[in-house]
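K.L.:
Let me see the structure of the following:
(2 chains)
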Number of protein chains: 2
Amino acid sequence: MSDFSKIAVIGGGSWATAIIKMLSENLENIGWYMRSIYAIEHIKRNKHNPNYLSSAELHPEQLDLSDNLNDIIASYDVLIFAIPSAFLHTELQKLTVSLENKIVFSAIKGIVPETGLIVGEHFHDHYQIPFENIGVITGPCHAEEVAMERLSYLTVACQDEEKANALSKVVAGRYIKVTTSDDIIGTEYAAMLKNIYAIAAGIAHGLGYGDNFQSVLMSNAIREMKRFIKKVHKMKRNINNSAYLGDLLVTGYSVFSRNRMFGNMIGKGYTVKSAMMEMSMVAEGYYATKSAYEINEKNGAKTPIINAVYNVLYAKKEAKDEFEKLTNRLN
Amino acid sequence: MSDFSKIAVIGGGSWATAIIKMLSENLENIGWYMRSIYAIEHIKRNKHNPNYLSSAELHPEQLDLSDNLNDIIASYDVLIFAIPSAFLHTELQKLTVSLENKIVFSAIKGIVPETGLIVGEHFHDHYQIPFENIGVITGPCHAEEVAMERLSYLTVACQDEEKANALSKVVAGRYIKVTTSDDIIGTEYAAMLKNIYAIAAGIAHGLGYGDNFQSVLMSNAIREMKRFIKKVHKMKRNINNSAYLGDLLVTGYSVFSRNRMFGNMIGKGYTVKSAMMEMSMVAEGYYATKSAYEINEKNGAKTPIINAVYNVLYAKKEAKDEFEKLTNRLN
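P.N.:
Modelled structure (predicted):
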């Protein structure tokens, strides 16, 4: 078995920084790759990530920081990927070292646009990593609340229970509780789908729908998520567990969610293009919507919410009309 | 079959007023009982309820207003009760006319403190109304959004499908969509339990827990609700339907919920007594907590959230300690 004290985090954003903070409570040394040498220098000097989650105090003496992806990957057994899914493919093309025998955990909530796969599948199909070496770290968890050390619950999923437990041990702590799961496919799809539902919540809000409708939307969304995931990977799961329902709620009800904000702009009348330009960060649900729609075209689950968002974002339908139709498909 | 054009609403609060507004879209004449003759006169003159939901425009020419409960009950076939559950028993003691052959719908979210029964059971056990003549109108629905004509979904439950459909027809409209159900027991318990979970959400917020925890709390609450209701009345139901999950969410996430506000004060250190005095309106979840706890003592469902709220409200336990213990029982 691999050494779970040799962990590296790949990525320099908020969620990566939050994971570093959690690991720092339990490990003396953590590998951390990020692209920006400026950010690395800043962290070493000032003990804070300059760009993301800058309120979290970091401990450079525990961190093996590098802007060289291959160095980091070569030196660590367990890799936690926490970069936006839209950049994963490009980053991985830098690889010259092998991923063989590595344990790869995905803390990415989304789909790899180039392959239309969730991250676990992408590593499995394109890097021949066996599923028992692939895992998922998922919320419900705003990185900002980890910085504030507010109690948060994570789910660590891996088909290999031992590995799920081993990773749980190094992320759990005073303000982090961890549940394990063997549903890597389901938890990853849930993390991806919830961003689409957050866009839907944003569109509805932008159009002037209220809290009553929002609760109906979320109640329909979790049922839709269940149907969608069941078609992708049928197994016994309780969709109301925190990794599915909790994750949907923390995003769907968050006014800080990029996806919800993006949807809100669309609802208020921005075009997709101008909403995307207005936001400097990527709304992952934008890509997820296309992938989920296409995956489900083959699977045929009843997904009125995904379809409505797809029609607005990709088929140039008016949000107002599309959501009016949607209201008749919910209950 | 009774005449569903002969409907009266019993109660003068926000939710009663919202129901009157919905019915007014479809019926030429509606009976409306409220205690306050002052409010009745005000409505007749000014077309608004002076005390509750005063933004909703009313149409006195369609309303048969009276402060005489017996007159109203004698004249109408279908009665919608929408008074706080804590006052129901006292109101019903005024009755001199019979409820025989009346159809009674409960729009009350709570338990009758004097009997420890939900409203449907109370009418059945104490007024010999057969279950096929008892129904429930439930949310997710803030009355305030009905006043604003924001799209809302109601669930009308009755064992007799025809009656559920008949009532649905007269409340549905431009901004109200209605689903029917045959689960009168489950929907009523859900409406009652959600107030306890809203208190829990308020306590957690008051103690400083954040959004991550709130989503975990709600995800555990819906699973707890499912277990609780299954013990009370086992039947096939999808707990994620709007009448259960939606209703939980609209209350648990509402900063305007009286129950959540009450909990918030407790979490911030108010005693139960002072929090109750501070609030001029009744927090129905306060009574619901005791009843639910006692009901479940016999039934034995796993209900860590209800137990924690009970211990804080009735067993003089410190909210901080009780919720710290609770966090270890959630996942």
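K.L.:
Give me the nearest residue to A:Val136, chain neighbours excluded.
P.N.:
Nearest residue to A:Val136 in three dimensions, chain neighbours excluded: A:Ala157, at 4.4 Å (Cβ to Cβ, 6 or more residues apart in numbering or on different chains). The way it works is simple: take the backbone N, C-alpha and C, and place the C-beta from them, glycine included.
K.L.:
Report the contact partners of that neighbour.
P.N.:
By Cβ atoms under 8 Å, 6 or more residues apart in numbering or on different chains, the residues touching A:Ala157 are A:135-138, A:164, A:180-184, A:187-188, A:243.
K.L.:
Please identify which of those is nearest to chain B.
P.N.:
A:Ala243 (8.8 Å; Cβ to the nearest Cβ).
K.L.:
where does that closest one land on pLDDT?
P.N.:
Per-residue confidence at A:Ala243 stands at 97 (pLDDT).
K.L.:
For it, give me its contacts.
P.N.:
Counted by Cβ under 8 Å, 6+ apart, A:Ala243 has contacts A:138-140, A:155, A:157, A:179, A:181, A:183, A:187, A:190-191.
K.L.:
Now intersect these with the strands, please.
P.N.:
If you go by DSSP state E, the contacts of A:Ala243 have A:138, A:155, A:157, A:179, A:181 in strands.
K.L.:
how about JSON lines for the residues you listed, with pLDDT and distance to A:Leu313 added?
P.N.:
Below are these laid out as JSON lines (pLDDT from 0 to 100; distance: Cβ to Cβ, whole Å):
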{"residue": "A:Thr138", "pLDDT": "96", "distance to A:Leu313": "24"}
{"residue": "A:Thr155", "pLDDT": "97", "distance to A:Leu313": "28"}
{"residue": "A:Ala157", "pLDDT": "97", "distance to A:Leu313": "29"}
{"residue": "A:Thr179", "pLDDT": "96", "distance to A:Leu313": "33"}
{"residue": "A:Ser181", "pLDDT": "97", "distance to A:Leu313": "30"}
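K.L.:
isn't there a strand covering A:Arg219?
P.N.:
No Arg there; residue A:219 is Ser. No - per DSSP: H, G, I helix; E, B strand; the rest coil, A:Ser219 lies outside any strand segment and is helix.
K.L.:
What sits closest to it if chain neighbours are left out?
P.N.:
That would be B:Gly246: by Cβ to Cβ, 6+ apart, it lies 3.8 Å from A:Ser219.
K.L.:
Run the chain-centre distance for stretch A:77-85.
P.N.:
Computed by Cα atoms, centre = their mean, to the nearest Å, the chain-centroid distance of stretch A:77-85 equals 11 Å.
K.L.:
measure it end to end?
P.N.:
22 Å (Cα to Cα, to the nearest Å).
K.L.:
again, but for stretch A:235-254
P.N.:
Note: stretch A:235-254 ends 30 Å apart using Cα to Cα.
K.L.:
again, but for stretch A:53-64
P.N.:
For stretch A:53-64, the end-to-end distance is 19 Å (Cα to Cα).
K.L.:
near chain B, anything from it?
P.N.:
No - Stretch A:53-64 lies out of reach of chain B by Cβ under 8 Å from any Cβ of the partner chain, never closer than 13.7 Å.
K.L.:
quick one: contacts of that stretch?
P.N.:
Residues contacting stretch A:53-64 (Cβ under 8 Å, 6+ apart): A:8, A:14, A:17-18, A:20-21, A:24, A:27-32, A:43-44, A:47-49, A:72, A:75, A:143-144, A:146-148.
K.L.:
What's the mean pLDDT across it?
P.N.:
Here the average pLDDT along stretch A:53-64 is 97.
K.L.:
residues of that stretch that come out buried?
P.N.:
A:53, A:56, A:58, A:63 (16 or more other Cβ atoms under 10 Å in any protein chain shown).
K.L.:
just curious, which of the residues you listed is nearest to B:Ser257?
P.N.:
Of all the buried residues of stretch A:53-64, B:Ser257 sits closest to A:Leu53, with 31.3 Å by Cβ to Cβ.
K.L.:
pretty sure that closest one is in a strand, no?
P.N.:
No - using three-state DSSP, the assignment for A:Leu53 is coil, not a strand.
K.L.:
In strands, which of the buried residues of stretch A:53-64 fall?
P.N.:
A:Leu63.
K.L.:
Just name the closest of the buried residues of stretch A:53-64 to A:Tyr293, please.
P.N.:
Using Cβ to Cβ, the shortest approach to A:Tyr293 within the buried residues of stretch A:53-64 belongs to A:Leu53, at 31.9 Å.
K.L.:
Format the ones in strands among the contacts of A:Ala243 as a markdown table; extra columns: distance to B:Phe81.
P.N.:
Shown next, in a markdown table, are the ones in strands among the contacts of A:Ala243 (distance: Cβ to Cβ, whole Å):
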| residue | distance to B:Phe81 |
| --- | --- |
| A:Thr138 | 44 |
| A:Thr155 | 43 |
| A:Ala157 | 47 |
| A:Thr179 | 42 |
| A:Ser181 | 44 |
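K.L.:
which one of those is nearest A:Leu207?
P.N.:
Closest to A:Leu207, out of all of the ones in strands among the contacts of A:Ala243 and judged by Cβ to Cβ, is A:Thr138, at 29.5 Å.
K.L.:
tally of neighbours for the closest one?
P.N.:
If you count neighbours by other Cβ atoms under 10 Å in any protein chain shown, A:Thr138 ends up with 26.
K.L.:
ditto for the one 5 residues further on
P.N.:
A count of neighbours around A:Ala143, defined by other Cβ under 10 Å, yields 22.
K.L.:
buried sites along stretch A:194-208?
P.N.:
Buried residues in stretch A:194-208, defined by neighbour count with 16+ other Cβ under 10 Å: A:194-207.
K.L.:
Need these in a markdown table (columns: distance to A:Ile229, pLDDT and secondary structure).
P.N.:
Listed next are the buried residues of stretch A:194-208 as a markdown table, based on distance: Cβ to Cβ, whole Å; pLDDT from 0 to 100; DSSP: H, G, I helix; E, B strand; the rest coil:
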| residue | distance to A:Ile229 | pLDDT | secondary structure |
| --- | --- | --- | --- |
| A:Lys194 | 11 | 96 | helix |
| A:Asn195 | 14 | 95 | helix |
| A:Ile196 | 13 | 97 | helix |
| A:Tyr197 | 13 | 98 | helix |
| A:Ala198 | 17 | 97 | helix |
| A:Ile199 | 18 | 97 | helix |
| A:Ala200 | 17 | 98 | helix |
| A:Ala201 | 19 | 98 | helix |
| A:Gly202 | 22 | 97 | helix |
| A:Ile203 | 22 | 98 | helix |
| A:Ala204 | 23 | 98 | helix |
| A:His205 | 25 | 97 | helix |
| A:Gly206 | 27 | 97 | helix |
| A:Leu207 | 27 | 98 | helix |
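K.L.:
CSV for those, including distance to B:Ile108?
P.N.:
Shown next, in CSV, are those (distance: Cβ to Cβ, whole Å):
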residue, distance to B:Ile108
A:Lys194, 34
A:Asn195, 38
A:Ile196, 37
A:Tyr197, 32
A:Ala198, 34
A:Ile199, 37
A:Ala200, 32
A:Ala201, 30
A:Gly202, 34
A:Ile203, 34
A:Ala204, 29
A:His205, 30
A:Gly206, 35
A:Leu207, 32
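K.L.:
quick one: low-confidence ranges for the stretch 101-250 of chain A?
P.N.:
By pLDDT under 70, the stretch 101-250 of chain A has no low-scoring segment.
K.L.:
before we move on, back to that, give the ChimeraX command for selecting the buried subset of the contacts of A:Ala157.
P.N.:
Selecting just the buried residues from those in ChimeraX takes one command, with 16+ other Cβ under 10 Å as the test:
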select /A:135,136,137,138,164,180,181,183,184,187,188,243
